[in-house]
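# Structure for this input, please:
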Amino acid sequence: MHKGGGFIGDIITEKQLCEWLSISPSTAWRWRKAGMPYMGKKKSIRYSKKEVEKWLKLQTKK
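Sure, this is the predicted structure:
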C-alpha cells in the first residue's frame with residue numbers, strides 16, 4: 001500500500017486505470033511518482049478508483 005491510508009472501493013489494474021482516465025502508462029507512472037495512491041509492485045500495481053478520484057481532485061485545486 002502506498003502512503004495515504006486504506007483503499008476503499010473498486011480496485012483496478014493499471015491498464016484499467018489508463019482506459020478509465022484515457023492516459024498512457026507513462027502518465028500513470030509519473031502520477032504515481034507525484035503521489036497518486038497505489039498498491040503493489042511492478043506488474044501487480046493496483047489502484048482504488050475512489051482514492052485516485054480524491055487525489056485527482058486535490059491536484060486540480062493546486
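
# Could you count how many residues lie near the residue nearest to Ala34 when sequence neighbours are not counted?
If you skip the residues right next to it in sequence, Ala34 has Gln59 as its closest partner in space, 8.0 Å away by Cβ to Cβ, 6 or more residues apart in numbering. Bear in mind the C-beta positions are built from the backbone N, C-alpha and C, glycine included. Neighbourhood size, Gln59 [other Cβ atoms under 10 Å]: 12.

# pLDDT of the longest helix belonging to the chain, averaged?
Among all segments of the chain classified by DSSP state H, the helix with the greatest residue count is helix 49-61. Looking at helix 49-61 alone, the average pLDDT works out to 93.

# Just the buried residues of it, please?
The neighbour-count criterion (16 or more other Cβ atoms under 10 Å) identifies Lys49, Glu51, Val52, Trp55 as the buried residues of helix 49-61.

# Measure how far stretch 32-46 is from the centre of its chain, please.
Computed by Cα atoms, centre = their mean, to the nearest Å, the separation of stretch 32-46 from the middle of its chain amounts to 6 Å.
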